[in-house]
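Asker: Next comes the sequence, and after it the predicted model I'd like to discuss.
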Amino acid sequence: MRALFRVFKNGGNRMIQRNLIECTIDLAQPYTELTATISAVISALPDADTRLSVLRALDDAVTTALLALEGGEEDDE
């Protein structure tokens, strides 16, 4: 995983600063890799409110995925 800092020109004379984290995830170890990636992103965020907001949104996404998988398993039986 590596952190990147890039500046892009956005038409005209405006410059946009972007902070990026670039990572490669080994699908043989998804839990470890995803946990490390989430930790890296959260630690790069500037304030606690932003970190909480991102973690809550991830929680919602994981819950939705779990419900979809659990609902799909019933159809497979």
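Answerer: Everything's here; your move. Numbering: from 1, shown residues only.

Asker: tell me the domain boundaries of this protein?
Answerer: Taking automatic domain parsing as the domain assignment, the record places the domains of the chain at 1-44, 47-77.

Asker: What are the buried residues along the helix or strand that contains S39?
Answerer: Taking DSSP states H and E as the definition, S39 sits inside helix 30-44. When burial is assessed from 16 or more other CB atoms under 10 Å, helix 30-44 yields the following buried residues: E33, V41. For glycine as for every other residue, the C-beta is placed from the backbone atoms N, C-alpha and C.

Asker: which residues touch that helix?
Answerer: Defining contact as CB atoms under 8 Å, 6 or more residues apart in numbering, one finds that helix 30-44 is touched by M1, A3, N19, I21, C23, I25, D26, L27, R51, V54, L55, L58.

Asker: So what's the model's average confidence on stretch 26-43?
Answerer: With pLDDT averaged residue by residue, stretch 26-43 scores 94.

Asker: starting at the chain centroid, how far to it?
Answerer: When C-alpha coordinates are averaged (CA atoms, centre = their mean, to the nearest Å), stretch 26-43 and its chain have centres 9 Å apart.
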